[in-house]
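*Asks:* Here is a sequence with its predicted model. Questions after.
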Amino acid sequence: MQRRNFLSCLLATTAGLVTNPNQLIGLAATSTLKGSDFGKNFVWGVATAAYQIEGAASADGKGPSIWDEFTHRKGKVKNNENGDKACEFYYRYKEDLELMRLLGIPAFRFSIAWSRLFPEGIGRINPAGVDFYHRVIDTCLEKEITPWITLYHWDLPLALEKKGGWLNREIIHWFSEYCDFCTKTYGDKVKNWMVLNEPMAFVGVGYFLGYHAPGRKGIFSFLKATHHATLAQGIGGKVVKANVSGANVGTTFSCSHIAAYRNDKEKDQIAAMRADALFNRLFLEPALGLGYPIESLPFLKYIERYFQPGDEEKMKFDFDFVGLQNYTRELVKYSPFVPMLWAKIVPASKRGIRTTEMGWEIYPEGIYCLLKKFASYPQVKKIYITENGVAFPDTVLLGEVYDYDRIEFLESYLKQVLRAKREGVPVEGYFIWSFMDNFEWAEGYKPRFGIVYVDFETQKRIIKQSGYWYRNLIHS
Ligand code: GCO
């Protein structure tokens with residue numbers, strides 16, 4: 001089940017561092033784009049997430065997260081894989097950051113594993129976990145790599161899930177204490193913070209469809225978790241701003257450009273508008289002070305049963321930036337079989353087009369459309385593409401990975417980013433998902449998104465051609 005094919009699901013459900021620095025000079029895939037076209041303050045980076053790369057699932061006092069538990073249930077992840085070891089970034093962060101330095105990548109987006117700092121989610125602190133992120137941050141700074149931290153990338157402490165997780169309103173206090181601790185602890189060294197990663201994904205897939213941790217289902221758990229995540233988003237933003245002087249605070253959204261399957265059919269156009277409200281507006285608009293998009297999606301009215309006085313204010317926050325994460329687009333048609341939404345996705349696989357390893361359509365113009373859409377909100381001051389990338393079935397050939405299809409993908413998306421920028425969209429940075437191949441949630445290790453190849457048996461890293469291409473682009 002592909003989690004970006006969320007609507008189709010609705011229908012069904014009401015190291016060794018091998019790289020020789022000389023290679024960096026020898027292999028140089030060139031780009032038709034120039035980094036300088038984007039301006040000298042444009043932020044170039046790579047993105048990762050704790051559960052997907054760190055491994056060391058129970059090392060040095062770390063508590064379990066919902067993903068530690070979920071991946072150990074039979075049949076939840078392809079081939080029953082899990083993130084126990086992942087890329088062993090916990091042990092290999094120095095080598096990995098050295099590789100990043102060799103590639104001249106100026107910014108590194110990573111997340112903090114909440115249960116590494118607080119094994120029970122609240123209360124008792126784990127000093128070894130606190131120290132780990134100090135070491136990662138310090139190593140970044142030594143190598144002149146700017147750290148960008150995501151506070152929540154889906155790995156809720158299991159102890160909190162046992163108390164109801166995102167369904168328990170107390171989560172806004174647990175989360176705010178966690179944000180307070182992180183920003184007071186690391187805020188002198190780290191200025192760029194993202195509160196949540198893709199709330200629509202962790203709430204929709206984790207609390208409605210049950211395909212992701214914690215595996216809960218149903219419309220009411222979806223609405224309740226949505227409201228609590230929206231509150232946490234606003235409250236978290238305020239905590240970061242209060243604690244970090246000179247902070248650049250944002251939060252990130254998964255977005256797909258959505259169009260009508262049959263453009264001449266009004267029913268499909270309305271279905272597309274509804275899907276757009278669900279996927280692209282649900283978490284953004286409350287933060288901007290516009291409330292939930294209830295006029296486009298009347299079933300959202302039920303969310304009001306979870307409201308308490310003052311919530312509208314709590315949901316709002318004047319974010320310095322919005323993180324836009326884009327991989328594909330969706331074509332949507334009217335469906336009488338999907339209650340409340342009356343819409344369904346026509347999957348790329350059924351449209352006879354070439355797709356990525358994830359089954360997603362390659363549609364570069366979608367990122368341009370989304371940038372224009374986000375920029376049309378007067379409250380949005382700045383946008384970073386906090387994730388864009390692609391999984392293809394990469395293979396090693398005589399010690400190298402010739403991933404020219406990834407280079408082509410990234411170039412074509414970046415050209416659309418530049419097009420939007422030239423038209424005045426305040427897009428000020430771009431992070432590739434991902435720095436290295438890693439654990440792709442319910443899809444396990446098969447989809448490889450990295451610009452660095454990881455052999456998960458030996459933990460050997462190989463810089464892919466796209467890694468060299470990225471270095472050349474950034475420095476051209
Ligand atoms: C996400 C995540 C990443 C994914 C990536 C590819 O937003 O879904 O941030 O964890 O691995 O998007 O699917």
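*Replies:* All right, it came through fine.

*Asks:* The residue in the stretch 51-200 of the chain that the ligand sits nearest to - how many residues pack around it?
*Replies:* Closest approach between the stretch 51-200 of the chain and the ligand, counting by C-beta to the nearest ligand atom: residue 198, at 4.3 Å. For glycine as for every other residue, the C-beta is placed from the backbone atoms N, C-alpha and C. By other C-beta atoms under 10 Å, 24 other residues sit near residue 198.

*Asks:* Please apply the same query to residue 32.
*Replies:* Using other C-beta under 10 Å, the number of residues around residue 32 comes to 8.

*Asks:* swap in the one 3 residues further on?
*Replies:* The burial count assigned to residue 35 is 20, neighbours taken as other C-beta under 10 Å.

*Asks:* what's near enough to touch the closest residue to it other than its chain neighbours?
*Replies:* Nearest in space to residue 35, with sequence neighbours left out and distances taken as C-beta to C-beta, 6 or more residues apart in numbering, is residue 474 at 4.7 Å. Applying C-beta atoms under 8 Å, 6 or more residues apart in numbering, one finds that residue 474 lies in contact with 35, 44, 104, 105, 106.

*Asks:* near the ligand, which of the residues you listed show up?
*Replies:* Restricting the contacts of residue 474 to those near the ligand by C-beta under 6 Å from any ligand atom leaves nothing, as none qualifies.

*Asks:* Can you tell me which of those lies closest to residue 374?
*Replies:* Closest to residue 374 out of those is residue 44 (19.8 Å), distances taken as C-beta to C-beta.

*Asks:* The single nearest residue of the stretch 1-150 of the chain relative to the ligand: what's it in contact with?
*Replies:* Proximity to the ligand, evaluated over the stretch 1-150 of the chain using C-beta to the nearest ligand atom, is greatest for residue 49 at 4.8 Å. Shown here is residue 49, whose contacts under the criterion C-beta under 8 Å, 6+ apart are 110, 111, 150, 153, 154, 155, 197, 438.

*Asks:* helix, strand or coil for the fifth one?
*Replies:* So the one you mean is residue 154. coil (DSSP: H, G, I helix; E, B strand; the rest coil).

*Asks:* same check, this time on residue 253
*Replies:* Following three-state DSSP, the label given to residue 253 is strand.

*Asks:* Would you mind listing the residues in contact with it?
*Replies:* Under the criterion of C-beta under 8 Å, 6+ apart, the contact list for residue 253 reads 198, 199, 200, 280, 283, 284, 322, 323, 324, 325.

*Asks:* dump the residue contacts of the second one.
*Replies:* Read it as residue 199. 226, 229, 230, 233, 251, 253, 283.

*Asks:* Can you tell me how far the residue of the stretch 1-150 of the chain closest to the ligand is from residue 202?
*Replies:* When C-beta to C-beta, to the nearest Å is the yardstick, residue 49 and residue 202 sit 11 Å from each other.

*Asks:* list residues touching both of the two?
*Replies:* Common neighbours of residue 49 and residue 202, counting by C-beta under 8 Å, 6+ apart, are residue 154.

*Asks:* The helix or strand harbouring residue 332 packs against which elements?
*Replies:* In this structure, residue 332 is located in strand 321-334 according to DSSP states H and E. Using 3 or more C-beta pairs under 8 Å, 6 or more residues apart in numbering; DSSP states H and E as the contact criterion, the elements in contact with strand 321-334 are strand 248-260, helix 266-276, strand 343-345, helix 365-375, strand 383-388, strand 427-433.
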